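In: After the sequence you'll find the predicted model.
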Amino acid sequence: MSRTPNLASPVSRIASVLARSIALFFGAFSALGLLDTLRGFDPNVWWIDLRFLPGPLAQGLLLCGALLLLGYAWRPALRSWRRVATASVSAVLAAIALSNGIVFYQVWGQGLIRPAWPVPLSFVIAAAFAGLALAAWRAPQEPRRGAVWRTVAIVAGAALWAFAFPLAQQFFFGQTDYARPAQAAVVPGAQVFANGRPTVALRGRVLTAVSLYKRGLVHTLVLSGGSNGTASQVAAMRSLALQQGVPSSAVLVTVQSVWLCS
């Protein structure tokens, strides 16, 4: 009896398309991320943290993973060495993602973050790669009939994951509170209306700083900004901070700061 599952089953077909679409997304994302790494930016840290490894080793692992996953997405009927390599690399990435999730709880336990959701995205990624490892190990020989529609479904699925991934990042980490004790909170200016009222963006910055002060995380607010014609940004910021109950002795202003972004 063959160990290869019968893809005549609708469930088996759906599982195969799902696994290959996930492989296509992560394979393409990793490959593009490695290209960005050459320019000094590593977007792969958004889904897995390999910084505990030496740079060349981490990049080599991601490169092998990208090539193997793309190969699996393109042709799932793997030869013995590809089956072992794809399943092994997927299992390793699943284990690392699982360890990233454990670090999440360690950092949370130390009080360095206050997550809005108690489950890290790393656990979801670990489960996805564990499923990929199993799917790659089983790697069935698919029938030729319906190959075009399977390809369309796989590409569409990968596009769906590409759309859902940033939403998942926002859901799991977007509302996490990273506030920590500091001597001061520096609040950069933003546009004010002609009558001196702060805009929504500027008001939000000041209220966030005020919240840090009231929570005892900072003892001083440093308000920095220029002016829009006759309307002063720092004047609007200072007025709002005082209205929120921050004493004037805890508010410092500067109008000559220059903010540089690199």
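Out: Yep, it's here.
In: so residue 162 makes contact with residue 27?
Out: No - with contact defined as CB atoms under 8 Å, residue 162 does not reach residue 27; the gap is 11.9 Å. (Each C-beta comes from the backbone N, C-alpha and C, glycine too.)
In: okay, these two: which has more neighbours?
Out: residue 27 (21 against 13; other CB atoms under 10 Å).
In: Which neighbouring elements make contact with the strand or helix carrying residue 222?
Out: Element membership for residue 222 (DSSP states H and E) is strand 220-224. Contact partners of strand 220-224 among helices and strands, from 3 or more CB pairs under 8 Å, 6 or more residues apart in numbering; DSSP states H and E: strand 184-188, helix 200-214, helix 233-243, strand 251-254.
In: what do you get if the cut-off is 6 Å, keeping everything else the same?
Out: strand 184-188, helix 233-243, strand 251-254 (3 or more CB pairs under 6 Å, 6 or more residues apart in numbering; DSSP states H and E).
In: Helix or strand with the lowest mean pLDDT in this structure?
Out: Least confident helix or strand of the chain, by mean pLDDT, DSSP states H and E, is strand 227-228 with a mean of 62.
In: possible to save the helices and strands packed on strand 220-224 as CSV with mean neighbour count, mean pLDDT and distance to residue 149?
Out: Formatted as CSV, these follow (neighbours: other CB atoms under 10 Å; pLDDT from 0 to 100; distance: least, CB to CB, whole Å):
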stretch, mean neighbour count, mean pLDDT, distance to residue 149
strand 184-188, 18, 91, 52
helix 233-243, 20, 91, 58
strand 251-254, 16, 88, 63
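In: Just tell me which of the ones you listed ends up closest to residue 42.
Out: Comparison of the helices and strands packed on strand 220-224 against residue 42 by CB to CB identifies strand 184-188 as nearest, at 26.2 Å.
In: Okay, now the sheet partners of that closest one, with direction.
Out: For strand 184-188, the paired strands and their directions (DSSP bridges) are strand 220-224 (parallel).
In: For the strand it pairs with, what does the pLDDT average out to?
Out: For strand 220-224, the mean pLDDT works out to 92.
In: Over to stretch 153-166?
Out: For stretch 153-166, the mean pLDDT works out to 94.
In: So for that stretch, what gets flagged as buried?
Out: Using 16 or more other CB atoms under 10 Å as the test for burial, stretch 153-166 gives 153-154, 157-158, 161, 165.
In: Other residues contacting it?
Out: For stretch 153-166, contacts defined as CB atoms under 6 Å, 6 or more residues apart in numbering pick out 17, 20-21, 24-25.
In: how about a cut-off of 8 Å?
Out: Residues from elsewhere that reach stretch 153-166 (CB atoms under 8 Å, 6 or more residues apart in numbering): 17-18, 20-22, 24-25, 28-29, 47, 73.
In: so where's this structure uncertain?
Out: In the predicted model, the chain carries pLDDT under 70 at residues 1-10, 77-78, 139-146, 227-231, 255-262.
In: Can I get the helices and strands packed on strand 220-224 in CSV including distance to residue 201?
Out: Output for the helices and strands packed on strand 220-224, formatted as CSV (distance: least, CB to CB, whole Å):
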stretch, distance to residue 201
strand 184-188, 10
helix 233-243, 11
strand 251-254, 18
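In: okay, now the domains of the protein?
Out: The chain breaks down into these domains under automatic domain parsing: 10-173, 184-254.
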